[in-house]
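A.B. asks: Got a predicted structure plus its sequence, pasted below:
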Amino acid sequence: VQPDGGRHPRYRALHCLRSQHAGRWPELHTVPSLQRHRASHSTTLRALRASDSRTRVVTSHIEEVLQRFVLADVYFSTSGDEWAADYHWLSHKNVCDWNDKTHGVFCNENKQITALSMPESHLYGTIPQDIGLLSNMETINMSKNRVAGTIPKSIGIMSSLTELDLSKLGVKSPSLCIGN
């Protein structure tokens, strides 16, 4: 069951995208809105289409697809190919298994992402705005990496977030109200 009956914009957008294309990921040139997004979204969508079989995408719960999309965007936005470890990212495993037991992605019993722990992981790039879509996130630790830019304002809508460690990064902080 989708929170708020699927009325939230993130569910509507992904459901609409999938349903308009018979439950499959569309070709990029057929979705005008994707052409306007930054390059990482195109790369992210291509990676999901390549790594996930059609049956996985068609049978996956929309929240799982959203989580995979956001994490793939984090991967491409922070030069995932150059990370100290891959934590099984972009694998066919459930996103809750994209970790090495101490670093990576961690979930609650409902398979909702609650923690992203990637200190000293050789992340390089920017934190994508999409990260705010992970609404059950309680902890983000990206400390001691080479991430630059501005902290996405979308982090401010993460009502469950209680710990944010972006120490020793080159990021600038906008005015945020984080969590409850």
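C.D. replies: Looks like it arrived, so ask away. Numbers count the residues shown, from 1 in each chain.
A.B. asks: burial count for Ser91?
C.D. replies: Applying other CB atoms under 10 Å, we find 12 residues neighbouring Ser91. Just so you know, the C-beta spots here come from the backbone N, C-alpha and C atoms, and that holds for glycine as well.
A.B. asks: show me where the chain has strands.
C.D. replies: Secondary structure of the chain by DSSP state E: the strands cover 104-107, 113-117, 124-125, 139-141, 146-150, 163-165, 170-172.
A.B. asks: Can I get those in CSV including mean pLDDT and mean neighbour count?
C.D. replies: Shown next, in CSV, are the strands of the chain (pLDDT from 0 to 100; neighbours: other CB atoms under 10 Å):
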stretch, mean pLDDT, mean neighbour count
strand 104-107, 97, 20
strand 113-117, 97, 20
strand 124-125, 92, 17
strand 139-141, 96, 19
strand 146-150, 88, 15
strand 163-165, 94, 15
strand 170-172, 64, 12
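A.B. asks: longest helix in this structure, by residue count?
C.D. replies: helix 62-77 (DSSP state H).
A.B. asks: Return the helix or strand in the protein with minimum mean pLDDT.
C.D. replies: In the chain, the helix or strand scored least confidently by mean pLDDT, DSSP states H and E is helix 32-36, which has a mean of 38.
A.B. asks: which ones are touching the closest residue to Gly104 other than its chain neighbours?
C.D. replies: Excluding the flanking residues, the one nearest Gly104 by CB to CB, 6 or more residues apart in numbering is Tyr87, at 3.6 Å. Contacts here follow CB atoms under 8 Å, 6 or more residues apart in numbering; on that basis Tyr87 touches 98-100, 103-105, 118.
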